[in-house]
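Colleague: have a look at this fold, sequence not included:
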């Protein structure tokens, strides 16, 4: 184990964490009375969250294409590691890459 979790099971909450920004506004929207200010605000929050998520997703795809080429980029980004391997080999490198991405593309905090 290097600076973090050593199995996919240990990091299972990561995936659930990614969807948290969308679940709260969605729940608020469904519970709010039709035509209310609360419903409009919840919808606005949800749309803002989705817009940010789409921006980050697009940026990651672009980075993949720039690093690995137009044809190989998506393949590399969507490759899943075998379950017996650690989720990340070099946690220090990942943290540095996340900080670099956030500096140039915006926060990933709401994405997990």
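Modeller: Good, I have the coordinates. Here the structure is a predicted model, which is why all the values come from computation and not from measurement. Residues are numbered from 1 along each chain as shown.
Colleague: just the element for residue 51, please.
Modeller: Using DSSP states H and E, residue 51 maps to helix 37-68.
Colleague: show the average pLDDT along that helix.
Modeller: Mean pLDDT, helix 37-68: 89.
Colleague: buried residues in it?
Modeller: 39, 42, 45, 46, 49, 52, 53, 56, 60, 63, 64, 65 (16 or more other Cβ atoms under 10 Å). All C-beta atoms are positioned from the backbone trio N, CA, C, and that covers glycine.
Colleague: from the contact counts, what lies against that helix?
Modeller: helix 13-31, helix 72-77, helix 91-105 (3 or more Cβ pairs under 8 Å, 6 or more residues apart in numbering; DSSP states H and E).
Colleague: and the pLDDT for residue 21?
Modeller: pLDDT at residue 21 comes out at 53.
Colleague: just the pLDDT for residue 11.
Modeller: Looking at residue 11, its pLDDT stands at 44.
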